[in-house]
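K.L.:
Okay, structure incoming, though there's no sequence with it:
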């Protein structure tokens, strides 16, 4: 059941709707249950991947903040830190490109990304499961298995980044003294 609320020029009304399957297409209840279970299983894995991608986005934001802080500051340590920022951003981009597909910089307008990405495979699996009028078949099982394997590899890549790259970068940032302040002479007016 769904409740629909419509409001127009201060007048408000609502109605409850009961959504039912198309009566012309018979779908057995056990088929719906099997589809739901398959989708729920895949969704639980997608949620882990989503959490990892959110962490990558936050980490990229941190690298942007560090880069902004040291922009224009001279010194060997800050130059080395700037190189580390670039390397970490490149690592994050590589992991994200694997998950979302690499955007071709030469294309213009609205284009699709490669379907070989993790999200492309997930979408294919979900589309097949949802479009099947009966129980999931070997096709859906194969697509879910492929999507699950890609999700596992993507999660491994995210974890590898946070084990091998991020701690070293964090330590470097925390140990680098960034001279943000400059000493100024007091001003005097000649009278």
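P.N.:
Yes, it's here. This one's a predicted model, so the numbers in the text were calculated from it and none came from an experiment.
K.L.:
For the closest residue to residue 139 other than its chain neighbours, I want the exact helix or strand it lies within.
P.N.:
Distance criterion C-beta to C-beta, 6 or more residues apart in numbering; nearest residue to residue 139, sequence neighbours excluded, is residue 128 at 6.3 Å. (Glycine included, C-beta is placed from N, CA and C.) Following DSSP states H and E, one finds residue 128 within helix 118-131.
K.L.:
Give me the distance between the next helix or strand after that helix and the centre of its chain.
P.N.:
For helix 118-131, the following helix or strand on the C-terminal side (DSSP H and E) is helix 138-160. In this view, helix 138-160 has its centroid 15 Å away from the chain centroid, taken as C-alpha atoms, centre = their mean, to the nearest Å.
K.L.:
Residue 1 and residue 40, how far apart?
P.N.:
Plainly put, residue 1 is 21 Å away from residue 40 if you go by C-beta to C-beta, to the nearest Å.
K.L.:
on that earlier part again, in the helix holding residue 128, which residues are buried?
P.N.:
Burial within helix 118-131, assessed by neighbour count using 16 or more other C-beta atoms under 10 Å, is assigned to 118, 119, 120, 121, 122, 124, 125, 126, 128, 129.
K.L.:
need the contact list for the spatially most central residue of the chain.
P.N.:
With distances taken as C-alpha atoms, centre = their mean, residue 53 lies nearest the centre of the chain, 3.7 Å away. The contact partners of residue 53, by C-beta atoms under 8 Å, 6 or more residues apart in numbering, come to 96, 99, 158.
K.L.:
how about 7 Å then?
P.N.:
By C-beta atoms under 7 Å, 6 or more residues apart in numbering, residue 53 lies in contact with residue 99.
K.L.:
So it: helix, strand or coil?
P.N.:
Classification of residue 53 by DSSP: H, G, I helix; E, B strand; the rest coil places it in helix.
K.L.:
do the same with residue 187
P.N.:
Assigned by three-state DSSP, the conformation of residue 187 is coil.
K.L.:
Is it correct that the residue nearest to residue 139 is in contact with residue 140?
P.N.:
Yes. Using C-beta atoms under 7 Å, residue 128 is in contact with residue 140, at 5.1 Å.
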